[in-house]
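Colleague: What follows is a predicted structure for the sequence shown.
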Amino acid sequence: MSRVAHRLPARRRGLVIGVVLAVLLVATVCVAPAGAAPTDTGDTTGGRLLVLSLPGLTWSEVAELELTALEELLDGAALADLAPRSVSPRATPGDAYLTISAGARTTTERLVDGQVLALDEQSSGSAAGEIFTRRTGLAPSGPFVSLSWPALVRKNDAEPYDAELGLLAERLARAGLRTSVIGNADGTDSIGASYERQVGLALASPNGVVDDGSLGKDLLADDPARPFGKRLDTDAVRTRFREAWQRAGEGDGGVVLVEASDLARAMRYRPLVSGARYEAIRAQAVQEADRLLGDLLEEVDADRDAVLVVAPYNLPGNRDLLAVALRTPGSSPGYLMSASTQRSGFLTLVDLAPTILDRFGLARPVAMEGRPAEVVRSGASVEARIDHLVRLNEASRFRERLLTPTTLVVILLLALVAAGAAVVIAGGRSRRWPQAFAALALVDLAILPSSYVARGFALETRGIGFYWAIVLGGASGVTALALLAGRRTRRPWLPLQVVLGIVAAVLVLDVTTGSRLSLNAAFGYSPTGNSRLYGISNYSYGQVAAAVCILAAFLAAAVATRRGRWAAVALLVATLVVLGLPTWGADVGGVLAFTPTILVFAAIVFRRRLRLRALVGGLVATLAAVLVFGLIDLARPATQRAHLGRLFERVGDEGVGPLLSIIQRKLVANLEVSTSSFWVAAIPIGMAVWVLVARHPSRPLDALRARIPTIGAGLAAAVVAAVLGSLLNDSGAIVGGVAAMVLTATLVNLLMVHEAERSSG
């Protein structure tokens, strides 16, 4: 093959490379992404729903402890790892239950959110009902009220998530369904009262009233050996549940939420005891929660009623994914997924409210951010499914250990090659050093795709050393093969083209086949760290955009005709399709940033001036691209829509308000992350190299342009993609940093290859 390529004329070789790259980008348009499809969810109407909250429960605990009742339930249920995200990456108790109430991300007032009291319960010398009326101007319509409700509403109104607190209870009540909450996590070793009844928030009305249930101190028993000297009185809980369950069965059905509150008390006790003592307390609380579940299930008719078991929040600072399981009459065992995650075995906290509504055949309100859970059938045993979810959590946690060190290695190596290039340009005609720095620049680039390929191995079971062996060994091997191909064909730019092609192709092929490598890759996404688990991540966009812009420039130079320039533009358009299609990239920010990038590249490569008319046309083209991809997404089934289609849904129902909220949210997130990542360091490094090559008396950039006439179009387009990507994505300057790294390593390689040839004379 190399001999044939060597005999081809230069222009034809370039055309062959361009066609191959274009095929890699567009051939999969006719191939659906690999992924599990949702199947039946059983009988989704009628009956009752028991929601059992088991705070902090992980699948590892389920696997390690003997939990008879839970295991029996799980055998016929669908399971998932739950990412307990609210406004913050990890929900507090108040965040979690408020998020359930709204079906959207919420925040809370931690010091007062547990103040859900009975009307006659005293607080600061007044009955809770009187305090509630003073604060809201409303007469309570139920037995329990949230005294902090006005503060919670006010705080969430200031957030850009449009959360409507109490929306779940409102929709259930409107359908004639009863709701009831049972639980009490009060307890303190300090002086003064402790109110930890956040569970009541989950089914509070939009006015902050809990219509039915038991949240008072009558649920508690004194026990000096237990955290804060309190435990649930299981007899009282069973009695209250039986009464609430019977009331729910008298009408059209209803929801009864029970919290295993001893688990919540044990979690709050963690800072006060040793690790060993906490493990003993925790194990006891989990096993007692299992016995409580067994008692509750005696009242449940499996042919009519459904059970949702969920761990809505974890210990502060603990980033483990939590357990969630759903058993409905007639449903098949398997895994849960939703349109929010689009991955089998994963749900998010915002999906719980739509899932509860879906159980009764109720449509999800447009204000709910989440989507109903669906079942992906699996023939695996319950033990195998639990083990699979444990491994998914371990992989996600392992990815957290990879992100910072991998970023540091890439940035430090980039700084090294940039400094080396500066020394070479400023001082000498040695051939050896330019070749060395050119090769190191390729190694740095090749680390990016190698880090994704490494995800194809079970890294969490093999360790960090194995990961680095794959990443560094793979990057070095790719570089060596690319350099060998360049020498054999006597084409100095071929090694760079090969490596950039791999940078783009690995991500494109991954995203068009289900994004398996991106999940839990160092520069991909993970359920413990990201709110989106599908499509092109912001890290990936920076890599693909910069790499393809440079490859397009090489293609236009290799086929130095109008046909070649159009082929280069076609390569960029194919990339836009991959970025924008909801079944693949689903990257709204990428579409917004890359459409103008294509227009800038085309204007430069066809030697057109950028006039006001062209800029307006570019804006129209960008909006048209977003509209096309949005309508494609909107045409898909509601349960499969990506975030752009879901945004179109909300805009159609509510106007531009949701769009403005998303813009505000992205701007806030953009500012927060732009100063918190080492990737940002790539931007000044790149700027320094750019200034050097443009301003140095030897004018090395002009020399490159003379040899590769279209390279300026590629570099300029990549800069546009980086700048717009930083402005339009919630990862902020991280996107620009990733693109700057690709650009800088590319520029160093080009310069060093040129210097090596010039030195050899």
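Modeller: That came in fine, so what should we check first?

Colleague: Tell me the pLDDT of Phe648.
Modeller: According to the predicted model, the pLDDT of Phe648 comes to 75.

Colleague: okay, now it: neighbour count?
Modeller: The local packing count at Phe648 equals 20, with neighbours defined by other C-beta atoms under 10 Å. Just so you know, the C-beta spots here come from the backbone N, C-alpha and C atoms, and that holds for glycine as well.

Colleague: Check Arg608 too.
Modeller: A count of nearby residues for Arg608, using other C-beta under 10 Å, gives 11.

Colleague: For it, give me its contacts.
Modeller: Ala602, Ala614 (C-beta atoms under 8 Å, 6 or more residues apart in numbering).

Colleague: Please identify the helix or strand for it.
Modeller: Counting by DSSP states H and E, there is no helix or strand that carries Arg608.

Colleague: Flag the shaky bits of this protein, pLDDT-wise.
Modeller: Of all residues in the chain, those with pLDDT under 70 make up the ranges 1-46, 428-431, 650, 653-676, 760-761.

Colleague: Domain ranges for it, per the record?
Modeller: Following automatic domain parsing, the chain resolves into domains at 2-31+400-760, 48-379.

Colleague: And the helices in the stretch 151-300 of the chain, which stretches?
Modeller: Under the criterion DSSP state H, counting those that start in this stretch, the stretch 151-300 of the chain contains helices at 167-174, 234-250, 261-269, 275-297.

Colleague: re earlier: which one of the domains of the chain lies closest to Val390?
Modeller: Closest to Val390 of the domains of the chain, according to C-beta to C-beta: domain 48-379, at 4.9 Å.

Colleague: for the helices of the stretch 151-300 of the chain, which one ends up most surrounded?
Modeller: Comparing the helices of the stretch 151-300 of the chain on average neighbours per residue, with mean count of other C-beta atoms under 10 Å, the densest one is helix 261-269 at a mean of 25.

Colleague: Throw the domains of the chain into TSV and include distance to Leu389, thanks.
Modeller: Below are the domains of the chain laid out as TSV (distance: least, C-beta to C-beta, whole Å):
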stretch	distance to Leu389
domain 2-31+400-760	11
domain 48-379	5
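
Colleague: Identify the residues contacting Thr625.
Modeller: Thr isn't right for residue 625; it's Ala. With contact set as C-beta under 8 Å, 6+ apart, Ala625 has these partners: Leu576, Gly580, Val591, Thr595.

Colleague: okay, now the second one: neighbour count?
Modeller: Spelled out, it's Gly580. Taking other C-beta under 10 Å as the neighbour definition, Gly580 ends up with a count of 27.

Colleague: The helices of the stretch 151-300 of the chain: which one's closest to Leu52?
Modeller: Of all those, the one in closest proximity to Leu52, counting by C-beta to C-beta, is helix 275-297 (5.9 Å).

Colleague: picking that back up, CSV please, covering the helices of the stretch 151-300 of the chain and showing distance to Ile356.
Modeller: Putting those into CSV (distance: least, C-beta to C-beta, whole Å) gives the following:
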stretch, distance to Ile356
helix 167-174, 6
helix 234-250, 13
helix 261-269, 20
helix 275-297, 17
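
Colleague: For Asp633, find the nearest of those.
Modeller: Nearest of the helices of the stretch 151-300 of the chain to Asp633, taken as C-beta to C-beta: helix 167-174 at 24.3 Å.

Colleague: That closest one - contacts with which helices or strands?
Modeller: Judged by 3 or more C-beta pairs under 8 Å, 6 or more residues apart in numbering; DSSP states H and E, the packing partners of helix 167-174 are helix 93-102, strand 178-182, helix 352-359.

Colleague: let's see 10 Å
Modeller: Helices and strands in packing contact with helix 167-174 are listed as helix 93-102, strand 178-182, strand 254-259, helix 352-359; criterion 3 or more C-beta pairs under 10 Å, 6 or more residues apart in numbering; DSSP states H and E.

Colleague: Could you tell me the angle between that helix and strand 254-259?
Modeller: Going by axes from the mean of the first three to the mean of the last three C-alpha atoms, to 10 degrees, helix 167-174 is angled at 150 degrees with respect to strand 254-259.

Colleague: Contacts for helix 167-174, please.
Modeller: Taking contacts as C-beta atoms under 10 Å, 6 or more residues apart in numbering, the residues outside helix 167-174 that touch it are 49, 100-104, 142, 164, 166, 177-179, 181, 201-207, 209-211, 253-255, 352-354, 356-357, 360, 362-365, 367-368.

Colleague: coming back round to it: most neighbours out of the contacts of Ala625, which is it?
Modeller: That'd be Gly580 among those, by other C-beta under 10 Å, with 27 neighbours.

Colleague: pretty sure it contacts Ala593?
Modeller: No. When contacts are counted by C-beta atoms under 10 Å, Gly580 is not listed as touching Ala593 (11.1 Å).

Colleague: Which neighbours do those two have in common?
Modeller: What both Gly580 and Ala593 touch, as defined by C-beta under 10 Å, 6+ apart, is the set Asp587.

Colleague: Can you tell me how far Trp372 is from Asp358?
Modeller: Not Trp; residue 372 is Pro. Here the distance between Pro372 and Asp358 works out to 4 Å (C-beta to C-beta, to the nearest Å).

Colleague: now Leu747
Modeller: Separation of Leu747 from Asp358 (C-beta to C-beta) stands at 53 Å.

Colleague: So between these two, which is more surrounded?
Modeller: Using other C-beta under 10 Å as the criterion, Leu747 and Asp358 rank with Leu747 on top: 26 against 22.
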